[in-house]
Structures are given as C-alpha cells and as structure tokens.
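Visitor: Coordinates for the following, if possible.
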Amino acid sequence: MLRRTSSLSAAVAHLAGPGQLKVINGQLAFKRHGDDPIRLDPTALTYIYCYGEVSVTGAAIEILFRHGVQTAWLSPAGARCRGRLAWADSQTTLNRVRQHRVFADPACAREWAKKIVSGKIEAMVAAARHYQRHGNFVGSLLADLAGFSDRLSAAKSADTVRGLEGAASGAWFRCFAGLLKDPWVFASRTRRPPSDPTNALLSLAYTWLLNRTNARLEASGYEVYLGGLHEYRPGRPSLACDMMEPLRVPVVDRWVIATCNQGELMSTDFQPVESGGFHLHSTAIGKTLCSWEKHWQEGRFDDALQYWLNTLATFLRERDRPEKMPAPAGDDL
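Guide: Below you'll find the model as predicted:
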C-alpha cells in the first residue's frame, strides 16, 4: 500500500527536527524519521524556519536559492538563531553603500534613531488607546508617552534618543503588567534569563520577530549589523534591532497579552531551566507558533514590515551624499 504524502503551500514553513530538507521526485520536501514526507511549494514560500537538527541537501539548497526562500536554523525551542542560508546579489550593493555612507554621519544616524523611536511610541499610544477603549486602566501612560514624544523631537544626541526609548519602554511595561490577568504575573522586563513565563514568552516572540526582520533586510541587500538607534556591536544585527522596535508592541506584546488572558497557554507549558529562568516546553511550541503565525497574518504585519523597509530605503536615498565617496579608479584590469 502506498504511503500518502502530504503537502504544504504557504508563505512560512516551520520544520521541527530531527529531519532533512531534500528533493523527492523533483519536489522540495521535508522528511522526519518514521514520518511521511511533506512536500513544500517553493513558489509560495518566503521563509523556512528549522528547529533543532534539520539538515539540507545540495539539491534542496539549489531550489531555495532559485526561489529566494529565506531559511534560518533555530534552537529546538526557537529561542536562539543559529544561522541562516544567505546568498550574494550584486543588484543590492547600492543599498549597502548608501547605508554605510548615511550612518557614518552621526546627525543622520540620530535622525534615523528618532524616526524609529517615534514609530515605537506611536505603537504604544495605539495600544494604550485600544485597551482603554475596552475598559482597561492605563494610568498616566498616554500622558507620559506624549511627554516623551515632545522631548524626542528636541533631542540633540543619540544617547538622549536611546534614553527616551528606554523610558518609554519602561512606562509601557508598567502598564503591560496591569493588563495581564491572574495567574499571569509580570514584575519587570527581564532577559538572559527570563525570570518568569511571561518574560519567556516575550523573549521567544521577540526572537521570532527579529529573525523575520533580519531575513527581510538580508533579502533586500542591507547590512544587518549596521544600525542607527542600536550602535555597532560585534555579532548583534543592529539594523534588524532598529527595524523591529516599532513592531514590538503590535506584533509581540499585544499577542502575549491576548494569548495569556485567553488561556491559550498555561503556566504548566513553561519549565524552569538549570541555568535559571524559564522557557517554553517543547510540547507547546507547535500550538504557540500556530497562534503567533495567525496573529501575524491577521494583523497584516508583512505589510507593516514592508512599510519600515520602504521608510529605510527612502531615508537612505534622501540623505545619501555620493560626492563624499572617492571617484572610481577606472578599469585597470
């Protein structure tokens, strides 16, 4: 009796290892030991996220390159990105040249940082008004954010901009804590390690958002390690960190509030780790990813991410100063 092979035609595929991404009968497929292969439609795919031990054959890489599918490998629980499949595209070189020229100017980098933080504050304001309309107490958050916005426009240094971003985030998270229902608790934002299940869920979803932002930037030809709000630090994708800031509240924070308050996850779905802190149990990864992907699609956050990519492209183009670059040496070969 023939074994039935299932198929998937979607923009995003999450593949949980151990398994292998390969080509079967000329078609891209994912195969786990003991399971039927799942056919993947590369013409529909934009992202593939691999969790744990997922290998990929040369023939599969060829298909991924041909269709421009962004592929990343994450830890089994999805909390850390181990690496990505990347390729060179000479057509996007100008994006990186402009990025380096513009962000080398401290005034331009500060202006970009202001734009990013302004977008983040606007997202906080929209969220606060949403919860206020639904009868939730938001305290002085709206007044505080208005004050931060006024001070932001007058900021004269990048450090001042970063300080205002931190202050606005602190005010938002104080309100965030009051929006969660029992038994969920949140004293403050903690990372490395997250001190409670709520922080663990925030960190996990921020990682997913960062990976998606990073992939879109790389596909557009930008240098992800050079940003404006986030200073250069070896190993940190500073531009991706910049770009995700205005998306944190709508994409992650509001999803966490809804997921916790509606009982989609329970505290028993999290477990303490020996090194301290908490992480989501592997048995809950599937349903959590499904919930987050549904939130992403219903919120049309691909469009929101594209908006910020367009904003970046316009910003760099308008502030680029090609005359600062040395003239080409000519074709000496």
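
Visitor: Centre of the chain to the longest helix anywhere in the chain, how far?
Guide: The longest helix of the chain (DSSP state H) is helix 106-133. Taking CA atoms, centre = their mean, to the nearest Å, one finds the center of helix 106-133 at 17 Å from the center of the full chain.

Visitor: which stretches of the protein form strands?
Guide: Applying DSSP state E to the chain gives strands spanning 6-8, 12-16, 19-24, 27-32, 38-40, 47-51, 54-56, 70-74, 81-85, 270-272, 278-280.

Visitor: didn't residue 320 look like it was pressed against residue 100?
Guide: No: Residue 320 lies out of contact with residue 100 (CB atoms under 8 Å); the separation is 10.2 Å. C-beta coordinates here come from the backbone N, C-alpha and C atoms, glycine included.

Visitor: show me where the stretch 201-333 of the chain has helices.
Guide: 238-244, 254-261, 285-298, 301-319 (DSSP state H, counting those that start in this stretch).

Visitor: what is the mean pLDDT for the last one?
Guide: Put plainly, it is helix 301-319. Averaged over helix 301-319, pLDDT sits at 94.

Visitor: Mind giving me the packing neighbours of it?
Guide: Contacting helix 301-319 under the criterion 3 or more CB pairs under 8 Å, 6 or more residues apart in numbering; DSSP states H and E are the following elements: helix 93-103, helix 106-133, helix 197-219, helix 238-244.

Visitor: My read is that residue 108 contacts residue 319, right?
Guide: Yes: the pair residue 108 / residue 319 is scored as a contact, 5.1 Å apart, by CB under 8 Å.

Visitor: And the strands of the chain: which comes nearest residue 315?
Guide: Residue 315 sits nearest to strand 70-74 of all these, at 23.1 Å, using CB to CB.

Visitor: So which of the helices and strands packed on helix 301-319 is nearest residue 52?
Guide: helix 197-219 (14.8 Å).

Visitor: Can you check what angle separates the closest one from helix 301-319?
Guide: 50 degrees (axes from the mean of the first three to the mean of the last three CA atoms, to 10 degrees).

Visitor: Mind exporting the C-alpha coordinates of helix 197-219 to CSV?
Guide: Provided in CSV are the C-alpha atoms of helix 197-219 (Å, rounded to 0.1, in the frame of the first residue of the first chain):
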residue,chain,number,x,y,z
PRO,A,197,6.8,32.5,32.0
THR,A,198,5.6,35.9,30.7
ASN,A,199,9.1,37.1,30.1
ALA,A,200,10.0,33.8,28.5
LEU,A,201,7.1,34.2,26.0
LEU,A,202,8.1,37.8,25.3
SER,A,203,11.7,36.8,24.6
LEU,A,204,10.7,33.9,22.4
ALA,A,205,8.3,36.0,20.2
TYR,A,206,10.9,38.8,20.0
THR,A,207,13.3,36.2,18.7
TRP,A,208,10.8,35.2,16.0
LEU,A,209,10.2,38.8,15.1
LEU,A,210,13.9,39.6,14.9
ASN,A,211,14.6,36.6,12.7
ARG,A,212,11.8,37.6,10.3
THR,A,213,13.0,41.2,10.2
ASN,A,214,16.6,40.1,9.7
ALA,A,215,15.6,37.8,6.8
ARG,A,216,13.8,40.7,5.0
LEU,A,217,16.7,43.0,5.4
GLU,A,218,19.2,40.5,4.1
ALA,A,219,16.9,39.7,1.2
